[in-house]
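[1] Starting from these lines, generate the structure:
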Amino acid sequence: MKASLESSLLGATKPDPVGQILGTGYMRFESPTGLCGLAKWSNERLDLLAVVAHPPGQGQFRAFFAAAKQAYKTVCVWEDWNPIVGEALARYGFQRETEIQGDGEVLTGWRWDKS
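    Residues are numbered from 1 along each chain as shown. All right, here's what the predicted structure looks like:
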């Protein structure tokens, strides 16, 4: 059932050429909710590096994150450069997060954990 939730949430996924060169593990996705961007995931965690809504302002962002919170125990959004995104994530129960990766890279963004 997990794979079904992932495929219905992320939709079509494919390798990201820059992610491959840099070895980030992020893949391009095109969600049926109307959101696309870069993501990497495991059975319990979804990490998002970038998201774009097409067309914007139609509720795709809210729908995507509601579904992500059902499918994963942890959802992280990194590199928040848009204050509107941060405000929305805070309303959806996300907390500010700083995480240090195994290679020493520091990620700053938002994190939600299922309670």
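[2] all contacts plus neighbour counts: C-alpha atoms, from now on.
    Fine.
[3] Could you say which helix or strand holds the residue nearest in space to the middle of the chain?
    When CA atoms, centre = their mean is applied to the chain, the residue found nearest the centroid is residue 48 (2.8 Å). Remark: residue 48 resides in strand 45-53, with elements defined by DSSP states H and E.
[4] how far is that strand from where the chain is centred?
    Relative to the centre of its chain, strand 45-53 is centred 3 Å away, using CA atoms, centre = their mean, to the nearest Å.
[5] do stretch 95-112 as well
    On CA atoms, centre = their mean, the centre of stretch 95-112 falls 13 Å from that of its chain.
[6] Keeping just the C-alphas, turn it into CSV.
    Only the C-alpha atoms of stretch 95-112 are listed here, as CSV (Å, rounded to 0.1, in the frame of the first residue of the first chain):
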residue,chain,number,x,y,z
GLN,A,95,8.4,23.6,12.4
ARG,A,96,11.6,25.4,11.4
GLU,A,97,14.5,22.9,11.2
THR,A,98,18.2,22.9,10.7
GLU,A,99,19.8,19.5,9.9
ILE,A,100,23.4,18.6,9.4
GLN,A,101,24.0,15.9,6.8
GLY,A,102,26.6,13.2,7.0
ASP,A,103,28.9,15.1,4.8
GLY,A,104,28.6,18.3,6.9
GLU,A,105,26.2,20.1,4.6
VAL,A,106,23.7,22.2,6.7
LEU,A,107,20.1,22.2,5.5
THR,A,108,17.7,24.9,6.8
GLY,A,109,14.0,24.6,6.2
TRP,A,110,10.8,23.1,7.6
ARG,A,111,10.0,19.7,9.1
TRP,A,112,6.8,17.9,10.1
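[7] Okay, strands next: where are they in the protein?
    With DSSP state E, the ranges of strands along the chain come out as 12-15, 27-30, 35-41, 45-53, 74-78, 95-100, 106-113.
[8] Let's have those in TSV, adding distance to residue 60.
    Supplementary listing: these in TSV, determined by distance: least, CA to CA, whole Å:
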stretch	distance to residue 60
strand 12-15	16
strand 27-30	12
strand 35-41	6
strand 45-53	6
strand 74-78	16
strand 95-100	21
strand 106-113	18
